[in-house]
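S.K.: Only the shape, not the letters, is given here:
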């Protein structure tokens, strides 16, 4: 029943080092030590004496940006009365909630004088606790009555029900219990604060005017150039030409591999350029000025430049990472800001620019060649592949198996590209595929191909159109299919090599899209015939400065989880923004609660890149937090939680031991990435950065060596693809049975934001090695095939 409802409602001896919580680079290079960061010189308006409800006028600019707040309030959400079937399922959900609430109270335990679960909330006896529990159950019952009887489902009209439903959708029973605990803690605090403190909380939680978080940027008059069009239309190329012609500038992209590609491009043209990602920092020497190529979260907000290019701007709507694009758009100090993305983001960007009082010029592009969906699939046979084909899949394990199968069946070589390949290897593999005069006829690639890698693909072949996204097994969305498929038919294709002048003047051949199986091709054809709705809101997340100040107005020992949940609950947003998901931050806050960290340090740890589904990484996170709290030795070799013994383990050839070996290596790789991320923020603690880079490379080599030895078994992959289709079909059928069209409309309005391609917390963007949800049995398991397990999203670099 849990699965049905969740799917249906888815849319030692060393001296102690000096402690430092600052990055090595000057603030002109990196934003701030805490991510997502406010510029250290660009403060949130709630920290000043200005009233959040007063008319907004910038003293540093003649522009009157805001006259009243009314225009920015969210429109009244739709009231949709649920069908009888939906009512029955809400009643089942209520019974499930009540069952898990009983478990939550059991986990919290009875009242005690020194019980940390209750002491910060002012409870003085078991009798008082029992009374509060009874009252909370009454409030919970009322919330379900609003949903069942009145159809009030939105965050605005029924926040308790909305929070519980979304938690259950995203993280099943575990997320539901966690949300119930936060809700109960919030309920306990309802009368703990005097009116003045409550008013201050409301002021700090007023997030309707994020433009004001960047006063230094508001002193500028910027011009926005919005480059929109389909894939392979040249929009990013033109934006990068503007960047190259500038004296100083910034490129901000969604992936480390794109940041590295742009960094390499500028270096090849003898332009000094810094590479800035969450766990890597390369600053050019012997120069005082340089370009910046970075992941969007690391966009420098304290540096004035001539041109900034922000790629894949449609990701501004993403529910996990959208805040980073919003931060870059609102805060980057560039005379010209070039945004590249899809047509559906135009209205939103124009509205944001209007609020800023800044000029927005829209440049529209058409594809440089056509794009066609083929009539026939490959019928499951690699023998039907043609030179220039790229086969797209969603896990490294599958990619390497596909490579082995293609080379076996065709007798030709196959290149492989995915995000966490070492940059040099990735570049050489792309060059081998792009060269028409060698034996590398084919390519297998992760869905990172959809984000603009320089690959000359004639035809895109979907190995499957289903994937596990870290929470649910689902079918690819229409934008995902279009963006990946749109990479077919690059203008300078392999077919254009060594042709005559007359032939070169002919229109380029269209790009082609197909699938390995007929069933998936039907999904692709439908997606390309479907129009995508415009993007309505941009993602937003309260900056650390707000959270730190907000936290300061709670009793000592108040859990950060409660503070976060309270801020999420009280946060006021304008109609142009939605609150990004903070479920991972809540979980991290709970994990580091036992350690005596300062509030700023806790804010840093909330954004550490971690796979929370991996118990080994959770243990490593706790060890790192304890090290910072105690200002202990942070040498890499001082952490027994790091499974460095995996480097010496023999490589099994097949079976369950081979699967466990891969999981062990991947877990170590992500843990080392976490160490590197923290080493830039606590240089005085985590001092083994060079050693960590060496260990990281050793792990990558071990993984690559093992993946190269994989064999392709056609029967297993046919069974796997069938399994994915069947599970996704079951989910869709349950959705049709449980959710009516009206309820789906409410869910859409409330913000199911699946923009962009792929799962963003991954090392190098691609999926983990294993992608079947926990509890599901893979058809490959038991015969040396992979048991695929996904992971929850963490913060990308």
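M.R.: Received, thanks. Only a predicted model underlies this, so the values are computations on that prediction, with no experimental measurement involved.

S.K.: who's in contact with residue 676?
M.R.: Contacts here follow CB atoms under 8 Å, 6 or more residues apart in numbering; on that basis residue 676 touches 279-280, 689, 692-693, 696. The way it works is simple: take the backbone N, C-alpha and C, and place the C-beta from them, glycine included.

S.K.: go with 10 Å
M.R.: With contact taken as CB atoms under 10 Å, 6 or more residues apart in numbering, residue 676 is in contact with 277-281, 609, 636, 686, 688-689, 692-693, 695-696, 797.

S.K.: Which ones among those residues map onto helices?
M.R.: In this view, those that belong to helices under DSSP state H are 689, 692-693, 695-696.

S.K.: what's the next secondary structure element after the longest helix belonging to the chain?
M.R.: Ranked by residue count, the top helix of the chain under DSSP H comes out as helix 159-188. Going down the chain from helix 159-188, the next helix or strand is helix 195-204, by DSSP states H and E.

S.K.: Does that following helix pack against any helices or strands, and if so which?
M.R.: When contacts are defined as 3 or more CB pairs under 10 Å, 6 or more residues apart in numbering; DSSP states H and E, helix 195-204 sits against helix 544-551, helix 560-570.

S.K.: Neighbours of residue 689, how many?
M.R.: If you count neighbours by other CB atoms under 10 Å, residue 689 ends up with 18.

S.K.: and the nearest residue to it once chain neighbours are set aside, what does it touch?
M.R.: In this structure, residue 689 finds its nearest non-sequential neighbour in residue 679, 4.5 Å apart by CB to CB, 6 or more residues apart in numbering. Contacts for residue 679 (CB under 10 Å, 6+ apart) come out as 23-24, 279, 281, 634, 636, 685-690, 692-693.

S.K.: do you know which of the helices and strands packed on helix 195-204 lies nearest residue 466?
M.R.: helix 560-570 (31.3 Å; CB to CB).

S.K.: tell me how far the ends of stretch 415-430 are from each other?
M.R.: 7 Å (CA to CA, to the nearest Å).

S.K.: Let me know the pLDDT of the spatially closest residue to residue 511 that is not a sequence neighbour.
M.R.: Nearest residue to residue 511, sequence neighbours excluded (CB to CB, 6+ apart): residue 489, at 2.1 Å. In the prediction, the pLDDT value recorded for residue 489 is 85.

S.K.: wait, residue 307 sits on residue 252?
M.R.: No: the criterion here is CB atoms under 10 Å, and residue 307 misses it with residue 252 at 11.6 Å.

S.K.: Counting neighbours, go ahead and name the busier of the two.
M.R.: The neighbour count for residue 307 versus residue 252, taken as other CB under 10 Å, is higher for residue 252 (27 against 23).

S.K.: following whichever strand or helix holds that one, which helix or strand comes up?
M.R.: Using DSSP H and E, residue 252 sits in strand 249-253. Later in the chain than strand 249-253, the nearest helix or strand by DSSP H and E is helix 256-268.

S.K.: Who are the packing partners of that following helix?
M.R.: helix 235-244, strand 249-253, strand 273-277, strand 280-282, strand 291-295, helix 423-434.

S.K.: Quick check: mean pLDDT of the fifth one?
M.R.: The predicted model gives strand 291-295 an average pLDDT of 96.

S.K.: now the fourth one
M.R.: Along strand 280-282, the predicted local confidence has a mean pLDDT of 90.

S.K.: can you check the second one too?
M.R.: Strand 249-253 comes out with an average pLDDT of 97.

S.K.: Quick one: list the elements packing against that strand.
M.R.: Packing contacts for strand 249-253, counted by 3+ CB pairs under 10 Å, 6+ apart, involve helix 235-244, helix 256-268, strand 273-277, strand 291-295, strand 304-310, helix 322-331, strand 333-341.

S.K.: Run me through the strand neighbours of that strand, direction for each.
M.R.: Sheet partners assigned to strand 249-253 using DSSP bridges are listed as strand 291-295 (parallel), strand 304-310 (parallel).

S.K.: hey, which of the ones you listed is tucked in deepest?
M.R.: Burial of the strands paired with strand 249-253 is given as mean neighbour count (mean count of other CB atoms under 10 Å); strand 291-295 ranks first at a mean of 26.

S.K.: Poorly predicted segments of the stretch 301-450 of the chain, please.
M.R.: Where the stretch 301-450 of the chain drops to pLDDT under 70, the residues are 420, 422.

S.K.: Go again with 80.
M.R.: Confidence mapping of the stretch 301-450 of the chain against pLDDT under 80 gives the ranges 419-427, 447-450.

S.K.: Tell me where it has helices.
M.R.: Here the stretch 301-450 of the chain has its helices, by DSSP state H, counting those that start in this stretch, at 322-331, 346-356, 396-410, 423-434.

S.K.: Same check on the stretch 451-600 of the chain?
M.R.: All helices of the stretch 451-600 of the chain, identified by DSSP H, counting those that start in this stretch, fall at 478-485, 501-504, 518-528, 544-551, 560-570, 583-591, 599-605.

S.K.: average pLDDT for the last one?
M.R.: Pointing back at helix 599-605 there. 93.

S.K.: for that helix, packing partners?
M.R.: For helix 599-605, the elements it packs on are helix 544-551, helix 560-570, helix 583-591, helix 615-630, helix 655-679, judged by 3+ CB pairs under 10 Å, 6+ apart.

S.K.: quick check: domain ranges of this protein?
M.R.: For the chain, automatic domain parsing gives the domain ranges 43-211+534-596, 214-364, 371-495+507-528.

S.K.: quick one on the thing from earlier: including mean pLDDT, could the helices and strands packed on helix 195-204 go into a markdown table?
M.R.: Below are those laid out as a markdown table (pLDDT from 0 to 100):
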| stretch | mean pLDDT |
| --- | --- |
| helix 544-551 | 86 |
| helix 560-570 | 87 |
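
S.K.: between the ones you listed, which gets nearest to residue 385?
M.R.: For residue 385, the closest of the helices and strands packed on helix 195-204 is helix 560-570, at 48.6 Å, according to CB to CB.

S.K.: Next, the buried residues of the closest one.
M.R.: Burial within helix 560-570, assessed by neighbour count using 16 or more other CB atoms under 10 Å, is assigned to 560-568, 570.

S.K.: ok, back up a step: nearest to residue 619, out of the helices of the stretch 451-600 of the chain?
M.R.: Per CB to CB, nearest to residue 619 of the helices of the stretch 451-600 of the chain: helix 583-591, 9.7 Å.

S.K.: Also compute the angle for that closest one relative to helix 544-551, please.
M.R.: Angle, helix 583-591 to helix 544-551, by axes from the mean of the first three to the mean of the last three CA atoms, to 10 degrees: 50 degrees.

S.K.: Between helix 615-630 and helix 583-591, find me the angle.
M.R.: With the same axes, to 10 degrees defining the directions, helix 583-591 sits at 60 degrees from helix 615-630.

S.K.: Tell me the helices and strands packed up against helix 583-591.
M.R.: Partner elements for helix 583-591 (3+ CB pairs under 10 Å, 6+ apart): helix 159-188, helix 560-570, helix 599-605, helix 615-630.

S.K.: what's the offset of it from the middle of its chain?
M.R.: In this view, helix 583-591 has its centroid 16 Å away from the chain centroid, taken as CA atoms, centre = their mean, to the nearest Å.

S.K.: same question, stretch 672-683
M.R.: Using CA atoms, centre = their mean, the offset of stretch 672-683 from its chain centre is 19 Å.

S.K.: where along the stretch 651-797 of the chain do the helices fall?
M.R.: For the stretch 651-797 of the chain, the helices defined by DSSP H, counting those that start in this stretch cover 655-679, 689-708, 714-738, 741-751.

S.K.: go on, the stretch 51-200 of the chain?
M.R.: Ranges of helices in the stretch 51-200 of the chain, per DSSP H, counting those that start in this stretch, are 84-108, 126-150, 159-188, 195-204.

S.K.: Tell me which of the ones you listed lies nearest to residue 722.
M.R.: Residue 722 lies closest to helix 159-188 among those, at 24.7 Å (CB to CB).
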